[in-house]
Structure formats: structure tokens, C-alpha cells
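Peer 1: predicted model, plus sequence, below.
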Amino acid sequence: MRACIVIAAAFIGASCYSYRPITTLAPEPGSYVAARLTDVGSRELARYVGPNVFVLRGRYVGESGEAVLVSVSSVELQRGDEVPWAGEQVALPNSYIASLEVRQLAKGRSVLLAGIGAGGLVITSLAFRLIGAGTQPNGSGGRPPKQ
């Protein structure tokens, strides 16, 4: 039963996130962002972030002149691979950014995931109750007597 609770809590805690275009001039410092690079930006920043980088994800630190400062947690390559980073800070010139999106909790998907987790917990606990709980026919709860 405890294992079921831990699994359900992991599902509920995972939640779902999606990226939305920024509706303000700048995101809140510390918010999680995804910066999609232009083709020129990808080529020019290759010596800093690696070749063929398409998207940088990480925490928004702030602005520095004509650049956005991001503490990078991962980069996505043009072929779709995601490479983890350790939070190094990178300055992204505004002219190299095709779009900047902020990560937000996807409430509908998170509620659906929580419902599925809770339903799975109920079904699992009912299944264990039906097949796992019971006593021996002789009522002693131990082994049947030897004959």
C-alpha cells in the first residue's frame, strides 16, 4: 500500500508543463524559459553552446544591454537530441533569439494526470484487498494442521 502511495505521489508531483509565449516585456527572474535561436544565432553561438543548437532551456537571470541572460539547464539540438547542462550562464543577443517562451503549469493535463494517479491508487488498493486479504479456512491464520 505504501508503494502505491509513493507511486501516486510521484505522478501527482510530476505535473505537466508547457511553454507559452511571453506576454510581458521580460519574464520574472528565476522563471524557466526556452529560447529558440535563429539560424544565424545558432551558427554564431556554436562556439559557446555547441554546434546545431536550436533551443536553450534554463532559468531567466535578467537582461544585459541587448542580450538575455539565461542559466542554461539543457540545450536541444536541431536533430531533436537534448543535452543537459549544469546551469552555466549564457548571454543571448536579442537578434539571435527567434522566440522566448516561459514555462507554465498546464493545469488541465496536471489535473488529468492526478486523476489517473488517484484512480490507479484506488483500483490497486481494491485489487489487493480482494485478492490479498483473507484468513485461512480453519480460522487460525497459520498453516493447516498436519494429518
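Peer 2: Yes, it's here. Because the structure is predicted, anything quoted here is derived from the model rather than measured.

Peer 1: beta-bridge partners for residue 60, please?
Peer 2: In this structure, residue 60 has beta-bridge partners residue 70, where bridges are defined by DSSP bridges.

Peer 1: scratch that, residue 99
Peer 2: According to DSSP bridges, beta-bridge pairing links residue 99 with residue 36.

Peer 1: close enough to count as contact, it and residue 38?
Peer 2: No. Residue 99 is not in contact with residue 38 according to C-beta atoms under 8 Å; the separation is 9.4 Å. For every residue, glycine as well, the C-beta is placed using N, CA and C.

Peer 1: can you give me the helices for this structure?
Peer 2: Counting by DSSP state H, the chain has these helices, from start to end: 2-14, 39-44, 46-49, 107-132.

Peer 1: least reliable of those helices going by mean pLDDT?
Peer 2: When those are compared on mean pLDDT, helix 2-14 scores lowest, with a mean of 58.

Peer 1: end to end, how far does stretch 28-38 reach?
Peer 2: 23 Å (C-alpha to C-alpha, to the nearest Å).

Peer 1: other residues contacting that stretch?
Peer 2: Contacts with stretch 28-38, where a contact means C-beta atoms under 8 Å, 6 or more residues apart in numbering, come from 17, 19, 22, 27, 45, 53-62, 68, 70, 92, 95-103.

Peer 1: repeat that for 7 Å
Peer 2: Outside stretch 28-38, the residues within contact range by C-beta atoms under 7 Å, 6 or more residues apart in numbering are 19, 27, 45, 53-62, 68, 70, 92, 96-103.

Peer 1: excluding chain neighbours, what is closest to residue 56?
Peer 2: Nearest non-adjacent residue to residue 56, counting by C-beta to C-beta, 6 or more residues apart in numbering: residue 35, 4.8 Å away.
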